[in-house]
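S.K.: Okay, predicted coordinates and the sequence, questions at the end:
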Amino acid sequence: MQTAFHLTSGDEEHQDTVLTIAENLSNDETIEMDDIAVVAQAEGIDPLTVGGAHSGTVESLLADGIAFKACSNTLDMLDLAEGDLVEGVETVSSGASELTRLQDDGYAYLRP
Amino acid sequence: MQTAFHLTSGDEEHQDTVLTIAENLSNDETIEMDDIAVVAQAEGIDPLTVGGAHSGTVESLLADGIAFKACSNTLDMLDLAEGDLVEGVETVSSGASELTRLQDDGYAYLRP
Amino acid sequence: MQTAFHLTSGDEEHQDTVLTIAENLSNDETIEMDDIAVVAQAEGIDPLTVGGAHSGTVESLLADGIAFKACSNTLDMLDLAEGDLVEGVETVSSGASELTRLQDDGYAYLRP
């Protein structure tokens, strides 16, 4: 199965909850997950940036095979370049279009 | 494609984020959107009311073809009438039933 | 139709909003609901525990036929046992896997 998480919160504790839930899903042996993606936009982009809160967790989850996708509109608005993102994070034209496409492809949507 | 946004927050900054993300999706040239709807309920109803915070943005997005739907339960609870809503906003029996119907019709769901 | 609610917030007013919206959906005569489920995890678990805020509302909604599912990861993290849950609440291996399965089974997803 496939699941996309939507990360928009600027609250560090909330961000930690979202990342922990994604990790728990990845480790849950009762379900066979083909793909897990985290789509971040607005204030939720920070963990995907180098030196951002929880960026170490993002690196670890990327190594576990979870995909991270950063909204280009948000990058533009915050004057961030691709080089500011943790290595392995992809950019997408917009968070909303990517989450629309993923759901159309059969992904479940979770916004903890 | 089709996408429904769920707007329930009473926080004006959060409301602005939801409306901005809907507008960005409407303007994203990498995806062909047939329908975008914003379903508002609970404290998220304010931007859909005349004189509400961000009601000018709602008018502008309505003109761009984005649909806005107000939950009748919320209107009853807040003693609001249809005449209190920005012109062009529809009412629906309940926010939850409308979002269930829309997803059943193939809409993606986004709750930024 | 079928709808799953995602309850993760520790804010008691927000929890009340989620439960009220689930109840309104159950009472909405414009839609035929076959199943309504509330999946709780993280700080959203409290209303499902004996003596928790809004646990009386959970008992009442269970009697109305709404299912409540508690995330086992959250129970472990908070040192809660099944006996701490309101009678009738089910446990699931993880909130995210259950919501993935439910959406795969055709449930709409709502995170008010």
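M.R.: Yep, that arrived.
S.K.: Roughly how far does residue A:36 sit from residue A:28?
M.R.: 11 Å (C-beta to C-beta, to the nearest Å). (Glycine included, C-beta is placed from N, CA and C.)
S.K.: Those two: who's more crowded?
M.R.: residue A:36 (24 against 20; other C-beta atoms under 10 Å in any protein chain shown).
S.K.: A helix includes the more buried one, no?
M.R.: No - looking at residue A:36 with DSSP: H, G, I helix; E, B strand; the rest coil, it is strand, so not inside a helix.
S.K.: residues near the residue lying closest to it once chain neighbours are set aside, how many?
M.R.: With sequence-adjacent residues excluded and distances taken as C-beta to C-beta, 6 or more residues apart in numbering or on different chains, residue A:36 is closest to residue A:66, at 4.7 Å. Residues within reach of residue A:66, counting by other C-beta under 10 Å, total 22.
S.K.: Kindly report the same for residue A:54.
M.R.: Using other C-beta under 10 Å, residue A:54 is surrounded by 18 other residues.
S.K.: same thing with the one 4 residues further on?
M.R.: Other residues within reach of residue A:58 by the criterion other C-beta under 10 Å amount to 26.
S.K.: Against which helices or strands is whichever strand or helix holds it packed?
M.R.: Using DSSP states H and E, residue A:58 sits in helix A:55-63. Packing partners of helix A:55-63 (3 or more C-beta pairs under 8 Å, 6 or more residues apart in numbering or on different chains; DSSP states H and E): helix A:12-27, strand A:67-71.
S.K.: Quick one: distance of it to the chain centre.
M.R.: The chain centroid and the centroid of helix A:55-63 are separated by 10 Å under C-alpha atoms, centre = their mean, to the nearest Å.
S.K.: One more: stretch A:13-26?
M.R.: On C-alpha atoms, centre = their mean, the centre of stretch A:13-26 falls 10 Å from the chain's centre.
S.K.: And for stretch A:80-98?
M.R.: 10 Å.
S.K.: Looking at per-residue confidence, what score does the residue of chain A positioned farthest from its centre get?
M.R.: The outermost residue of chain A relative to its centre, with distances by C-alpha atoms, centre = their mean, is residue A:30 at 22.6 Å. In this prediction, residue A:30 carries a pLDDT score of 97.
S.K.: Tell me the backbone dihedrals of it, please.
M.R.: Note on residue A:30: backbone dihedrals following degrees, to the nearest 10 are phi -90, psi 0.
S.K.: so what's it up against?
M.R.: By C-beta atoms under 8 Å, 6 or more residues apart in numbering or on different chains, the residues touching residue A:30 are C:93, C:94, C:97.
S.K.: about what we covered before: what's the model's confidence in the helix holding residue A:58, averaged?
M.R.: Per-region confidence: helix A:55-63 scores 98 on mean pLDDT.
S.K.: Hmm, residue A:94 and residue A:73 touching each other?
M.R.: Yes - with contacts defined as C-beta atoms under 8 Å, residue A:73 counts as touching residue A:94 at a distance of 5.2 Å.
S.K.: shared neighbours, these two?
M.R.: A:41, B:24.
S.K.: is it fair to say residue A:91 lies in a strand?
M.R.: Yes - looking at residue A:91 with three-state DSSP, it is inside a strand.
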